[in-house]
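# predicted model and sequence follow; I will ask about them next.
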Amino acid sequence: MSTADPRRHRRRWTLSALIVTLIISFVGAIALGSVRLSFPVVLSALLGGEAPGISHEIVRSIRLPRALLAASVGAVLAVCGAYLQGMFRNPLADPSLIGVTAGASVGASAAILIGGGTLIGGLSLVSLGACIGGLMAVWLVYRVATGLQGTSVATMLLMGIAVSALAASATGLMDYFADNESLRRMSLWRMGGLDGANSARAGLMLSVLAIMLLAMTRTSKALNTMLLGESQARHLGVNVERLKNQLIIWVALGVGVSVAVAGSIAFVGLVVPHMVRLCVGPDHRTLVPLSALGGASLLLVADTLARILLSPTELPVGLVTALIGAPFFVFLLIRHRELIR
Amino acid sequence: MTRLRIEQVAVHVAGKPLLLPMDLNVAAGEVVSVIGPNGAGKTTLLRAIAGDVNASGGRVLLEKQLLSTIEPRARARQMAVLSQHNTLEFAFTGFEVVAMSRGPHSTGRVLDVQICHEAMEAMDVSHLAKRFYPTLSGGEQQRLHLARVLAQIWREQDARERLLLLDEPVTSLDIGHQHQLMEAVKSFAATGVAVLMTVHDITLAASYSDRLVVLDRGRCVANGQPQNVLTEALVSDVFETDVLILPHPKTGKPIVVGNASCN
């Protein structure tokens, strides 16, 4: 009998489609904006050529770092989503589920209230506050869910809800006591934005992405068996507790850093892995890298639209991700209804 | 040759004894079935051996080595476990589910694929290889998982001391597949595997097992060859219902039928 995998062609096809999409959206992100650049100019700027005018300056110091940041943040969020959906064995899990987004909001709001302009080592106080808030939320969720028997995924889920509720009331309180100026900044932060992009931030985010993708090669197979259930995975020789610890640390790192550099961007972590799974199946060895490609493209497109839709005003990118992603997600759900259970 | 040796294993959960101190041996090549009413501790016994619950006393030995001290991957090459409930909500294909069994091995892709196909053949699930798991019926899913645990310890070359634990493997199967499965498990045991399983259907257990172990309220009340263990008095007492035990017209193996309404 044949061993042909029914999804092999779709895997190849999806991989090529995602790579092409990523290239197009990357070039688009650099070419489009309040100053429109032609393709040859973009190419020569990227390849280090010399040309008159400010166009190369725009590409190299503004658009390239921002495009790299958008791509790496999108990729990291999508990879984190794929990890969490695997760990929770729930295709609807996303990074906000373990409280990281809500915790980051508290941290960012507190930093804005204290006086957000301060810079510490290239990152603003708001970024640091967001990162610390997010990590503290994950730590709290994780500590409560971990007992003598190991980490209970069900408790983590409930604890994530509890921490998110607590964080929501804390941010609500700060909203209430904030003056108009701070209130505006807080709500803008919550919608996410990549306007703080620079090459340092892009470099940081790219290294986080590289770490997560390298780690992935060793855990994807184990994460597949986790989908059967924790004791089933244990019987297949997987060190389940260690795997869960690793995943939590990577997700906390990935989401914590991306929140610090880009604010809270919902939806990418939930929807991208889900869409990729619908196309190529649940095997993490293909799901994780393809999710990274998809997340990068989605955030690049969203950020480009955020910059040009109401140019020269910028929209918050978090609003745009939901605007593009949600209808597409609904379309996929309708098409693949029988496969989702 | 004793493959699995259980010495004074007991399980308490929240102060309540689920399993009283118990001894049990299973030899290589032997099929032992655990029977007993609901809540008698059958699943708890299997889970204690598999390490899913912590025993409050006693020890479990696989060929003189403490099972809990074997390195996880090495243990997975020796012992395969089929749990009672297997939920998988992701759309893996049937073949992908079975192929997960080869994770603890480093036998190479070609051999792994071949082993998975052989195990699927034995469980009559070859035709499900390309189907998506969530679209299969409960019985088909159950047989796929069985093929998975068989493939996990398929070859003697990968691990000499092999143990198979099955928790109610036949419960959701039709009569044809029930017998096919028991037949397959029996011939699998004959390749040198020790098999310990829980079964609800006493007649089925009696006709395919070398030995029956009867549990009642966490205690082992009988252990021996089916025809010696299965007496009307014992079965009626343990299951709290009147039964008749008849010899099978062809094999002579005991058949247990309910007799409650005939009095």
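Nice, thanks for sending it over. Owing to the predicted nature of the structure, the values given are computational and were not obtained by experimental measurement. Numbers count the residues shown, from 1 in each chain, chains lettered A, B, ... in the order given.

# buried set for the host helix or strand of B:Leu111?
Counting by DSSP states H and E, the element that carries B:Leu111 is helix B:109-122. The neighbour-count check on helix B:109-122 (16 or more other CB atoms under 10 Å in any protein chain shown) flags B:Asp112, B:Ile115, B:Cys116, B:His117, B:Glu118, B:Ala119, B:Met120, B:Ala122 as buried. The way it works is simple: take the backbone N, C-alpha and C, and place the C-beta from them, glycine included.

# which helix runs longest in chain A?
Scanning chain A for the longest helix, with DSSP state H as the assignment, gives helix A:199-226.

# which residues does the helix or strand just after that helix contact?
Once the chain leaves helix A:199-226, the next helix or strand it forms, by DSSP H and E, is helix A:230-235. For helix A:230-235, contacts defined as CB atoms under 8 Å, 6 or more residues apart in numbering or on different chains pick out A:153, A:222, A:225-226, A:240, A:243, B:50-52, B:72, B:76, B:79-81, B:83, B:86.

# avg pLDDT for stretch B:89-105?
Regarding stretch B:89-105, the rounded mean pLDDT is 88.

# also stretch A:231-242?
The model assigns stretch A:231-242 a mean pLDDT of 88.

# list the buried residues in that stretch.
Quick answer for stretch A:231-242 (16+ other CB under 10 Å): A:Ser231, A:Gln232, A:Ala233, A:Arg234, A:His235, A:Leu236, A:Gly237, A:Val238, A:Val240.

# got the residues of chain B near chain A?
B:50-52, B:72-77, B:79-81, B:83, B:86-93, B:95-97, B:100-101, B:103-104, B:113, B:117, B:126, B:129-130, B:132, B:134-135, B:152 (CB under 8 Å from any CB of the partner chain).

# of these, select the buried ones using a ChimeraX command.
This is how ChimeraX selects the buried members of these, with burial counted by 16+ other CB under 10 Å:
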select /B:50,51,52,72,75,76,77,79,80,81,83,86,88,90,91,92,93,95,96,97,100,101,103,104,117,126,129,130,132,152
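
# just the ones of the residues of chain B next to chain A in strands?
In this view, the residues of chain B next to chain A that belong to strands under DSSP state E are B:Met79, B:Ala80, B:Val81.

# dump the residues you listed into CSV; add pLDDT and distance to A:Gly115 as well.
Below are these laid out as CSV (pLDDT from 0 to 100; distance: CB to CB, whole Å):
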residue, pLDDT, distance to A:Gly115
B:Met79, 90, 61
B:Ala80, 91, 61
B:Val81, 92, 58
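
# can you put those residues in TSV and add distance to A:Ile24?
Conversion of those to TSV gives the following (distance: CB to CB, whole Å):
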residue	distance to A:Ile24
B:Met79	51
B:Ala80	48
B:Val81	49
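
# ok, so of these, who is nearest A:Ile265?
B:Val81 (41.8 Å; CB to CB).

# measure the closest one to B:Ile6 for me?
15 Å (CB to CB, to the nearest Å).

# now the end-to-end length of stretch B:159-168.
The first residue of stretch B:159-168 is 25 Å away from its last residue (CA to CA, to the nearest Å).

# so which bits of that stretch are buried?
B:Ala159, B:Glu161, B:Arg162, B:Leu163, B:Leu164, B:Leu165, B:Leu166, B:Asp167, B:Glu168.

# let me see the contact set for the second one.
Same thing as B:Glu161. B:Arg3, B:Ala28, B:Leu62, B:Glu63, B:Gln78.

# ok, the third one next?
B:Arg162 makes contacts with B:Arg3, B:Gln78, B:Met79, B:Ala80, B:Ile153, B:Glu156, B:Gly192, B:Val193, B:Ala194, as judged by CB under 8 Å, 6+ apart.

# which residue does chain A have closest to chain B?
A:Gly237 (3.1 Å; CB to the nearest CB).

# quick one: that residue is in a helix?
No: checked against DSSP: H, G, I helix; E, B strand; the rest coil, A:Gly237 lies outside a helix; its state is coil.

# ok, and the closest non-adjacent residue to it?
Nearest residue to A:Gly237, sequence neighbours excluded (CB to CB, 6 or more residues apart in numbering or on different chains): B:Ala76, at 3.1 Å.

# mind checking pLDDT for the residue nearest to the spatial centre of chain A?
With distances taken as CA atoms, centre = their mean, A:Leu77 lies nearest the centre of chain A, 1.7 Å away. On pLDDT, A:Leu77 comes in at 92.

# one more: the one 3 residues further on?
pLDDT recorded at A:Cys80 is 91.

# which ones are touching it?
Counted by CB under 8 Å, 6+ apart, A:Cys80 has contacts A:Pro95, A:Met212, A:Trp250, A:Val251, A:Gly254, A:Val255, A:Gly269.

# least confident pick among these?
Of all the contacts of A:Cys80, A:Pro95 has the smallest pLDDT value, namely 76.

# what is the neighbour count of that residue?
31 (other CB atoms under 10 Å in any protein chain shown).

# distance of it from B:Ala91?
For A:Pro95 relative to B:Ala91 (CB to CB), the value is 23 Å.

# what's the answer for A:Ser96, then?
From A:Ser96 to B:Ala91 the distance is 24 Å (CB to CB).

# about what we covered before: put the alpha carbons of the helix holding B:Leu111 into PDB.
Taking Å, rounded to 0.1, in the frame of the first residue of the first chain, the C-alpha atoms of helix B:109-122 are listed here in PDB:
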ATOM      1  CA  ARG B 109      12.600   6.300   8.700                       C
ATOM      2  CA  VAL B 110      12.400   3.400   6.200                       C
ATOM      3  CA  LEU B 111      12.200   0.800   8.900                       C
ATOM      4  CA  ASP B 112       9.800   2.900  11.000                       C
ATOM      5  CA  VAL B 113       7.400   3.200   8.100                       C
ATOM      6  CA  GLN B 114       7.600  -0.500   7.500                       C
ATOM      7  CA  ILE B 115       7.000  -1.300  11.200                       C
ATOM      8  CA  CYS B 116       4.000   1.100  11.400                       C
ATOM      9  CA  HIS B 117       2.400  -0.600   8.300                       C
ATOM     10  CA  GLU B 118       2.900  -4.000   9.800                       C
ATOM     11  CA  ALA B 119       1.300  -3.000  13.100                       C
ATOM     12  CA  MET B 120      -1.600  -1.300  11.200                       C
ATOM     13  CA  GLU B 121      -2.100  -4.500   9.200                       C
ATOM     14  CA  ALA B 122      -2.300  -6.500  12.400                       C
END
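
# what are the contacting residues of that helix?
A:1, A:3, B:94-95, B:98-99, B:101-102, B:105, B:107, B:126, B:128-129, B:144, B:147-148, B:150-151, B:154-155, B:184, B:188.

# buried subset of those residues as a PyMOL selection?
Under the burial definition 16+ other CB under 10 Å, those of the contacts of helix B:109-122 that qualify are selected in PyMOL by:
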select buried, chain B and resi 94+95+98+99+101+102+105+126+128+129+144+147+148+150+151+154+184+188
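
# quick one: pLDDT of B:Cys116?
For B:Cys116, pLDDT reads 91.

# wait, what's in contact with the residue nearest to the centre of chain A?
Residues in contact with A:Leu77 (CB under 8 Å, 6+ apart) are A:Pro95, A:Gly254, A:Val255, A:Ser258, A:Ile265, A:Val268, A:Gly269, A:Val272, A:Gly295, A:Leu299.
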